[in-house]
Structures are given as C-alpha cells and as structure tokens.
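Q: heads up, no residue letters with this:
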C-alpha cells in the first residue's frame with residue numbers, strides 16, 4: 001500500500017509519526033508532504049518527503065492520511081481524515097468539506113456524530129479506530145519521567161503546571177494570565193511550562209518569553225509535540241483547546257477559563273485571578289476525578305497503543321473491498337479552493 005502522510009501544519013507530525021512507524025514495520029512505501037512554512041520543523045528528513053504536489057501525483061498513492069481540513073481532490077488515493085484534535089465543540093470540527101472518502105474517528109462521541117452526517121451526505125464512510133497521537137499512552141507513558149525529575153530538581157520545585165492555551169483570539173486566555181502566573185510562581189513548589197499552539201499570536205509568545213527570562217521556574221517550550229509536556233505535567237491550565245481532552249485521558253486534573261464546551265467535566269471558571277487557588281485545589285483535592293471517566297468512555301476508549309495499527313489495517317481492508325478512488329467529486333467552489341491552495345491538477 002503506497003501512502004501519503006499529508007501535513008499542512010507542524011502539529012501533524014506527532015499525529016502521523018505512529019502511522020509512519022506502522023507503515024515502516026509493514027514494509028509499505030510512503031512519502032511525507034510538507035509545506036514550505038513548516039519545512040524548518042520537519043523532524044524526519046531521512047524519510048522520503050516532498051514539498052511538491054507534482055511529486056505526489058507521480059507517487060501514485062493508494063491512501064492519503066490527513067490530520068487537517070483539506071487535501072487535493074485530484075490526487076489518486078483513498079482520502080482519509082484522521083483529525084488534529086479532540087475538541088468537538090470547536091467551530092468546524094463536524095463540518096463536512098467533501099474532500100474525504102473515509103473518516104477514522106477517535107471514540108463514540110465523534111463516531112455517532114459523523115455517522116449522522118454520513119446518512120445526510122451519503123458520500124463518505126466512518127470507522128472508529130482511536131487516535132494515533134495517543135498511542136504512547138498505552139505504550140510508554142513513563143517515557144519522560146527522568147526528564148521531569150531533572151527539571152524539578154534544577155528548579156527546586158515539586159509539581160509541574162502546564163499552561164497550554166488555544167490560539168483563537170476569541171477564546172485564548174493568553175492576554176490575561178501573565179499576572180496570575182506571577183502569583184503562582186511565588187510558591188516555590190511550582191514549575192510552569194508554557195506550550196503555545198503553532199498559530200498563537202507572535203506578540204503574546206514574545207511577552208511570555210520576556211516573562212520567562214525573569215524567572216527560572218517558568219519555561220516557554222519550543223518543542224512542537226505537546227505529548228511530552230502532557231506526560232510530564234501534574235495539572236493543566238487552558239481555555240478552549242483540544243489538548244484538554246488529551247490531558248484528561250491521562251487521568252490528571254484540568255483548569256480552564258471560559259471554556260465553550262456544552263458539557264464540562266473539569267474545573268472551568270471565569271475569574272483569572274483565582275488561578276493560584278485553583279491549582280492548589282485541583283492538585284490536592286481533585287474533586288473532578290470521577291467525571292473524567294466520561295471523557296475516556298466517549299472520546300477515546302483505547303489504551304492499548306494500537307490506534308495507528310488499526311488505522312493502517314482499516315484503510316488496507318477498505319481498499320481491498322472498495323478499491324482505490326482515483327478522484328474525489330466535489331463542487332466547483334471546492335475545486336477552486338483546492339486549486340488556490342495547492343495548484344491545479
């Protein structure tokens with residue numbers, strides 16, 4: 001099976017890497033597609049990769065794995081949506097853009113919604129597999145324990161607080177938490193790691209870096225894959241970000257500000273000034289622990305570390321039964337959008 005790993009943003013690397021490992025183990029040919037804006041962040045330069053759509057045409061793929069919203073309709077291959085997050089409440093998560101033949105969903109919450117949309121549109125299929133980015137939870141959850149111990153020792157702290165806000169201007173808490181974090185850091189027990197979304201406003205990134213330059217117990221992380229920091233952190237602070245669900249699946253407490261979810265299974269508040277008290281309460285009382293099981297059951301009930309394997313084998317079986325579609329039939333406006341992003345067929 002010849003496969004394209006299709007990346008438009010650097011967060012796609014951590015989602016597709018487990019699939020790449022499965023493809024390698026099975027001896028399947030694959031090629032990465034990356035855009036110029038993320039070339040400098042691409043970590044797999046020894047692999048077959050390209051920045052050219054013409055190379056993808058020549059590759060003549062059987063399947064294209066896409067953790068994003070668009071893929072050229074004119075490329076050969078089963079176009080597979082594997083998603084870039086777990087935040088179903090965000091605008092656009094359940095929008096059908098008609099670029100994909102197959103949706104591989106993370107858990108029942110997503111599967112049920114997409115099956116409803118399948119009945120409406122009748123031009124794609126839905127299969128639940130779990131999400132490959134979280135395979136490490138089932139395989140090597142303690143991978144970064146030594147690094148965590150080292151960080152805490154260097155800062156003479158006891159707990160890691162991870163702050164990971166969304167980038168959306170309407171939803172982000174970044175403009176409001178610098179002063180509350182200063183209060184948090186008056187407690188020597190806390191080390192704060194800040195992990196920004198790649199699309200976060202550069203001005204706010206620089207503001208937090210300037211803040212971090214004045215205190216050794218706050219670090220603005222530069223690494224692209226947030227999984228490392230989720231595994232190391234003891235508590236997460238955020239707003240309306242899909243990373244919340246990734247952290248809850250580790251059975252650890254979450255604090256958010258002004259989250260827009262319809263159902264909230266963690267500590268959400270409006271008052272940024274309460275951050276210090278909220279961290280203390282959630283670390284040592286954790287009164288939302290029982291509610292986290294709902295997230296596990298509905299969003300991602302897989303802890304075997306085999307979601308990437310399920311995805312690859314599901315796609316292989318689907319192609320064996322249905323064949324490889326050569327082109328995706330989409331509207332004129334959709335074709336124009338794809339042409340404007342990736343060029344004409």
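A: It's in. These numbers come from a predicted model, not from an experiment.

Q: how about the strands of the stretch 1-150 of the chain, start to end?
A: 3-6, 30-33, 49-50, 63-66, 78-81, 102-105, 125-128 (DSSP state E, counting those that start in this stretch).

Q: Throw the ones you listed into JSON lines and include distance to residue 14, mean pLDDT and mean neighbour count, thanks.
A: C-beta here means a position set from N, CA and C on the backbone, and glycine is covered the same way. Output for the strands of the stretch 1-150 of the chain, formatted as JSON lines (distance: least, C-beta to C-beta, whole Å; pLDDT from 0 to 100; neighbours: other C-beta atoms under 10 Å):
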{"stretch": "strand 3-6", "distance to residue 14": "12", "mean pLDDT": "98", "mean neighbour count": "26"}
{"stretch": "strand 30-33", "distance to residue 14": "13", "mean pLDDT": "98", "mean neighbour count": "22"}
{"stretch": "strand 49-50", "distance to residue 14": "16", "mean pLDDT": "97", "mean neighbour count": "16"}
{"stretch": "strand 63-66", "distance to residue 14": "13", "mean pLDDT": "98", "mean neighbour count": "26"}
{"stretch": "strand 78-81", "distance to residue 14": "17", "mean pLDDT": "98", "mean neighbour count": "24"}
{"stretch": "strand 102-105", "distance to residue 14": "16", "mean pLDDT": "98", "mean neighbour count": "23"}
{"stretch": "strand 125-128", "distance to residue 14": "21", "mean pLDDT": "98", "mean neighbour count": "18"}
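
Q: Domain boundaries for this structure, per the record?
A: 3-131+302-342, 141-299 (automatic domain parsing).

Q: surely residue 129 meets residue 314?
A: Yes - counting by C-beta atoms under 8 Å, residue 129 touches residue 314, with 5.6 Å between them.

Q: quick one: common contacting residues for those two?
A: residue 104 (C-beta atoms under 8 Å, 6 or more residues apart in numbering).

Q: who has more neighbours, those two?
A: Neighbours per residue, other C-beta atoms under 10 Å: of residue 129 and residue 314, the larger number sits with residue 129, 23 against 16.

Q: mind checking the SS state of the residue lying closest to the more buried one once chain neighbours are set aside?
A: Spatial nearest neighbour of residue 129, excluding adjacent residues (C-beta to C-beta, 6 or more residues apart in numbering): residue 310 at 4.1 Å. Following DSSP: H, G, I helix; E, B strand; the rest coil, the label given to residue 310 is helix.

Q: Could you measure from residue 310 over to residue 203?
A: 41 Å (C-beta to C-beta, to the nearest Å).

Q: tally of neighbours for residue 206?
A: 11.

Q: For residue 339, give me its contacts.
A: residue 345.

Q: Could you give the bridge partners of the spatially closest residue to residue 267 that is not a sequence neighbour?
A: Residue nearest to residue 267 in three dimensions, not counting chain neighbours: residue 255, with 5.0 Å by C-beta to C-beta, 6+ apart. Beta bridges link residue 255 to residue 237, residue 267, judged by DSSP bridges.

Q: Check what pLDDT residue 255 gets.
A: On the pLDDT scale, residue 255 is placed at 98.

Q: re the thing from before, neighbour count: residue 310 and residue 203, which is higher?
A: A count of neighbours by other C-beta under 10 Å puts residue 310 above the other of residue 310 and residue 203, at 19 against 9.

Q: quick one: that one and residue 107, what's the gap?
A: 12 Å.

Q: if I look at those two, which residues touch both of them?
A: With C-beta under 8 Å, 6+ apart as the test, residue 310 and residue 107 both reach residue 130.

Q: Just the pLDDT at residue 197, thanks.
A: Reported pLDDT for residue 197: 88.

Q: Just put the strands of the stretch 1-150 of the chain in JSON lines and tack on distance to residue 293.
A: Below are these laid out as JSON lines (distance: least, C-beta to C-beta, whole Å):
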{"stretch": "strand 3-6", "distance to residue 293": "33"}
{"stretch": "strand 30-33", "distance to residue 293": "36"}
{"stretch": "strand 49-50", "distance to residue 293": "40"}
{"stretch": "strand 63-66", "distance to residue 293": "30"}
{"stretch": "strand 78-81", "distance to residue 293": "27"}
{"stretch": "strand 102-105", "distance to residue 293": "20"}
{"stretch": "strand 125-128", "distance to residue 293": "19"}
